[in-house]
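Novice: with the input below, show me the fold.
(2 chains)
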Amino acid sequence: DTAVSQTPKYLVTQMGNDKSIKCEQNLGHDTMYWYKQDSKKFLKIMFSYNNKELIINETVPNRFSPKSPDKAHLNLHINSLELGDSAVYFCASSQVGGLNTEAFFGQGTRLTVV
Amino acid sequence: GENVEQHPSTLSVQEGDSAVIKCTYSDSASNYFPWYKQELGKRPQLIIDIRSNVGEKKDQRIAVTLNKTAKHFSLHITETQPEDSAVYFCAAGGGYNKLIFGAGTRLAVHP
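Specialist: Predicted structure coming up:
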């Protein structure tokens, strides 16, 4: 069973469109994340949710809106897509409770804005 | 702000040699230091991690050292093999496991 799964794996869309990426984890973790990896391979945290509550928001444009319907899901909606949004977006989850633990990553969604 | 510096950005070694990657972090509140390996087109996967109450940890050919005073931590891979070729990321974690990643090191192991 895939621990952290995100869909779609590839997404090609035109500037100005709105798109969503879905993420689900079956590890029972209480914390989920979105990371962005640009063309230079920099991995940067965007958001983190703990038990459906937003706890980290790293100065991401408000065109990006995460939504967590339950603690096993964290979706990412992006409005008015721009060329600079092209990147690989990784969802991740971990169990945070006193001690930090391994973050498990999804397979990534390669977003290309044309 | 929070920052993790990672060096070198690229590393080329012969099979059987050792490889060392070094990182420096800025946030003294960081207490968790994982290392991730990312193969081409794949997800980052944890290879080893260390907590701030430990100075060194080893797992077969991989070891990590942490110097909290200097805010340095390093990854050591011994007896490198071609399948070790990948991009390696260090990270520093604090509250709610917010991971700040280094810029990555592209390791190439030549047969």
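Novice: please verify my assumption that B:Asp84 contacts B:His110.
Specialist: No. Using CB atoms under 8 Å, B:Asp84 makes no contact with B:His110, being 11.0 Å away. From N, CA and C alone the C-beta is placed, and that goes for glycine too.
Novice: tell me which of those two has more neighbours.
Specialist: Neighbours per residue (other CB atoms under 10 Å in any protein chain shown) separate B:Asp84 from B:His110, with B:Asp84 holding more: 19 against 11.
Novice: how much space separates that one from B:Leu66?
Specialist: 21 Å (CB to CB, to the nearest Å).
Novice: quick check: A:Asp18 touching A:Ser80?
Specialist: Yes. A:Asp18 is within contact range of A:Ser80, at 7.0 Å (criterion: CB under 8 Å).
Novice: any low-confidence regions in the chain?
Specialist: Picking chain A for this. Residues of chain A meeting the criterion pLDDT under 70: A:1, A:97-99.
Novice: look at chain B instead
Specialist: Across chain B (using pLDDT under 70), the flagged ranges come out as B:1.
Novice: can you do 90?
Specialist: B:1-2, B:29, B:52-54, B:93-99 (pLDDT under 90).
Novice: how about the residues of it by chain A?
Specialist: Within chain B, the positions near chain A by CB under 8 Å from any CB of the partner chain are B:31-32, B:34, B:38, B:42-46, B:49, B:51, B:87, B:89, B:93-94, B:96-101, B:103-104.
Novice: try 7 Å this time
Specialist: Residues of chain B found near chain A (CB under 7 Å from any CB of the partner chain) are B:31-32, B:34, B:43-44, B:46, B:49, B:87, B:89, B:93, B:96-99, B:101, B:103-104.
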